[in-house]
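# let me see the structure of the following:
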Amino acid sequence: MESNQIKQKKKIGLALGSGSARGIAHVGVIRELEAMGIRPDVVAGTSAGSIVGAVYACGKLDWFESWLMRLKRREMAGYLDTSYTLRGGIFKGRELIDFFREHVGDLRIEDLDLPFGAVTTSLESGDEIWLTKGPLWDAVRVSIALPVMFTPAIA
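Next up is the predicted model:
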């Protein structure tokens, strides 16, 4: 078997981590992979990485990158809907998720062309949970839940 045939059989997974500003940097990493002719067979992300991964799995990375470049700091506050009850977090996260649902589409994970998983943590057990089926943006919302900042969510 030739070297090229072996390389073609390998599967590539792309794992995108958390951290708001670092999450945005994932776009640049994906662009570099594309420039090298590398396209992942599956993508997973947690927190900010789940947003970038979801957008990428939907084929909307160009739109996302353009939106990020135009986004002004003061506009960001509009996506952070305050939870006045402070039950588990300062922000609800619904405005941001509704924005993506409206602009990217109300999609199901299992219907995406590129397999995707959003990773989160169970508050009860501390175990990691992989969300690989169901409403895409609900899974992302659960993944971006950060105790104290974003209220917990249920997938």
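
# what about residue 27, helix or strand, and which?
helix 20-35 (DSSP states H and E).

# and that helix, what does it pack onto?
Using 3 or more Cβ pairs under 8 Å, 6 or more residues apart in numbering; DSSP states H and E as the contact test, the elements touching helix 20-35 are strand 13-16, helix 48-57, helix 61-70. Placement of C-beta: from N, CA and C, glycine included.

# again, only this time at 10 Å
Here helix 20-35 touches strand 13-16, strand 42-46, helix 48-57, helix 61-70, going by 3 or more Cβ pairs under 10 Å, 6 or more residues apart in numbering; DSSP states H and E.

# tilt between it and helix 61-70?
Orientation check (axes from the mean of the first three to the mean of the last three Cα atoms, to 10 degrees): helix 20-35 against helix 61-70 gives 140 degrees.

# tell me which of the helices and strands packed on helix 20-35 sits most buried.
Burial of these is given as mean neighbour count (mean count of other Cβ atoms under 10 Å); helix 48-57 ranks first at a mean of 26.
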